[in-house]
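**Student:** This is the structure alone, sequence omitted:
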């Protein structure tokens, strides 16, 4: 038996879920980014929570801020009412912070600092900090074990990336033992970035990374308890990546944990769209929703199986409670409780469906509609004979009911699109 096996009581999980998600608008106009539906029946934050639960880290603190109510109700209903998960989850907002003042979190580190007294009520030796808007399946217990083995004050989960990806991430220099010697957040200048290229020896040792020459920070951190307290008290600045991580690296005892699986940071409409559509393909380059050993948990449902009548379906996922008479559905994600009427064609699209316990109207797609590369948000009602195919190939557009971002049409939540509308 591995003597380094970490005990669940030694670890508390902090999930940062306070970001506004401006680049994901209009999906984030009525909800925060971690609360956005993903994969037809999940919320994005379910992924981070599930990684923690699958590691045995059941004590979870979610730090929320923008449109917090859109997330809080779901989390408390799902992970405290549904005892199946065995999680002890608390949602902390600025109003509930340790100073009892109604103050916004100014950044990732500031959010943890403002809740530090509450977090320190937990006897954890290690705090693992996760982002609430990322997709991945990682053995977090192994990462903490490696931190313990190396006596690390800080361990950062990293992923090998190309130069173009490295510019939007924190990058680091590492020694042969993967101890971090330097860290830089989102380098824009090529000259600066190239200083952080991995040596050929380390690239080869880590599995032959070829031209994946940088280690990019995934924004997943394991802190030793004392190190986190000391760092937050010594440096009052707001952000981990920009401010506190470089300071901790200078102190030493900071290590990289190299992850080689699928990881996606949902930051834009394009990345959200692709991450969902990828699930409809028989591909390893997306999140595995069918891993029974490491499942993605979500709200329990009591819905009937989807019913399809005279519909041709190709490479698609159709969730429970849906009633469909469409002519065809191809490479599309059809969420819970979606209605699609006769002679309609849906291609390359995401119909977000409705939360299982929601009393709001379900998505309705009328007769003889044509949808191609469209995201339909919750509660939208499309009447008959509507065509949404972006014939003019617009990249950006915005109106009260419909938007286009990165060439993808978005029908906004609760929108009603009249009969015969064409875009």
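**Tutor:** Great, that's in hand. In this text, all values refer to a predicted model and were calculated from it rather than measured experimentally.
**Student:** Please identify the buried residues of stretch 332-349?
**Tutor:** Buried residues in stretch 332-349, defined by neighbour count with 16 or more other Cβ atoms under 10 Å: 332-349. Placement of C-beta: from N, CA and C, glycine included.
**Student:** Just the ones in strands from these, please.
**Tutor:** 333, 334, 339, 340, 345, 346, 347 (DSSP state E).
**Student:** pretty sure the third one contacts residue 361?
**Tutor:** So the one you mean is residue 339. No: Residue 339 is not in contact with residue 361 according to Cβ atoms under 8 Å; the separation is 9.9 Å.
**Student:** which regions of the stretch 101-250 of the chain lie under the pLDDT threshold?
**Tutor:** 101-102, 200-212 (pLDDT under 70).
**Student:** what about the helices in the stretch 151-300 of the chain?
**Tutor:** Taking DSSP state H, counting those that start in this stretch as the test, the helices found in the stretch 151-300 of the chain are 163-166, 190-194, 200-205, 225-234, 245-251, 269-278.
**Student:** Deepest in the core, which of those helices is it.
**Tutor:** Across the helices of the stretch 151-300 of the chain, averaging neighbours per residue (mean count of other Cβ atoms under 10 Å) puts helix 269-278 on top, at a mean of 20.
**Student:** Identify the residues contacting that helix?
**Tutor:** 23-24, 27, 36, 38-39, 135, 264-266, 285-287, 331-333, 348, 350, 373, 375, 405-406, 408, 410 (Cβ atoms under 8 Å, 6 or more residues apart in numbering).
**Student:** Need the helices of the stretch 151-300 of the chain in TSV (columns: distance to residue 140).
**Tutor:** Formatted as TSV, the helices of the stretch 151-300 of the chain follow (distance: least, Cβ to Cβ, whole Å):
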stretch	distance to residue 140
helix 163-166	22
helix 190-194	29
helix 200-205	23
helix 225-234	16
helix 245-251	19
helix 269-278	20
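**Student:** how much space between residue 290 and residue 52?
**Tutor:** 20 Å (Cβ to Cβ, to the nearest Å).
**Student:** Who has more neighbours out of the two?
**Tutor:** Taking other Cβ atoms under 10 Å, residue 290 and residue 52 do not tie; residue 52 has more neighbours (24 against 8).
**Student:** Angles on the backbone of that one, please.
**Tutor:** phi -70, psi -50 (degrees, to the nearest 10).
**Student:** Is it correct that it is in contact with residue 62?
**Tutor:** No: Residue 52 is not in contact with residue 62 according to Cβ under 8 Å; the separation is 10.4 Å.
**Student:** shared neighbours of the two, which are they?
**Tutor:** Looking at what touches both residue 52 and residue 62 (by Cβ under 8 Å, 6+ apart), the common residues are residue 15.
**Student:** ok, the ones in strands among the buried residues of stretch 332-349 vs residue 145, which is closest?
**Tutor:** residue 333 (35.7 Å; Cβ to Cβ).
**Student:** May I have the predicted confidence score for that closest one?
**Tutor:** We have a pLDDT of 96 for residue 333.
**Student:** try residue 337
**Tutor:** 95.
**Student:** Pop out the phi and psi values for it.
**Tutor:** phi 60, psi 40.
**Student:** Now it. Nearest residue, chain neighbours left out?
**Tutor:** Of all residues not flanking residue 337 in the chain, residue 321 sits nearest, at 3.9 Å (Cβ to Cβ, 6 or more residues apart in numbering).
**Student:** just residue 17 next, same as before
**Tutor:** That would be residue 132: by Cβ to Cβ, 6+ apart, it lies 3.3 Å from residue 17.
**Student:** That neighbour and residue 45 touch, don't they?
**Tutor:** Yes: with contact defined as Cβ under 8 Å, residue 132 and residue 45 form a contacting pair (4.5 Å).
**Student:** Now list whatever residues contact both of those two.
**Tutor:** 15, 17, 34, 62.
**Student:** So which of the residues you listed is surrounded by the most neighbours?
**Tutor:** residue 34 (32 neighbours).
**Student:** Next up, the contacts around it.
**Tutor:** 15, 17, 43, 44, 45, 48, 64, 71, 132, 133.
**Student:** closest to residue 145 among those residues?
**Tutor:** Nearest to residue 145 among the contacts of residue 34, with distances taken as Cβ to Cβ, is residue 48, at 19.3 Å.
**Student:** ok, the nearest residue to residue 157 once chain neighbours are set aside to residue 229 distance?
**Tutor:** Nearest non-adjacent residue to residue 157, counting by Cβ to Cβ, 6+ apart: residue 220, 3.7 Å away. Using Cβ to Cβ, we find residue 220 at a distance of 20 Å from residue 229.
**Student:** before we move on, what about residue 344?
**Tutor:** 57 Å.
**Student:** repeat for residue 145
**Tutor:** Distance from residue 145 to residue 229, by Cβ to Cβ: 22 Å.
**Student:** Please indicate which of the contacts of helix 269-278 are buried?
**Tutor:** Buried among those (16+ other Cβ under 10 Å): 23-24, 27, 36, 38-39, 135, 264-266, 286-287, 331-333, 348, 350, 373, 375, 405, 408, 410.
**Student:** Filter those down to the ones in strands?
**Tutor:** Per DSSP E, these map to strands at 38, 135, 264, 265, 333, 350, 375, 405, 408, 410.
**Student:** The fifth one bridge partners, please.
**Tutor:** Following DSSP bridges, residue 333 is listed with bridge partners residue 317, residue 350.
**Student:** returning to that earlier point: and the residue nearest to residue 337, what pLDDT?
**Tutor:** Predicted confidence (pLDDT) for residue 321: 94.
**Student:** for residue 90, what are its contacts?
**Tutor:** So residue 90 contacts 60, 61, 62 (Cβ under 8 Å, 6+ apart).
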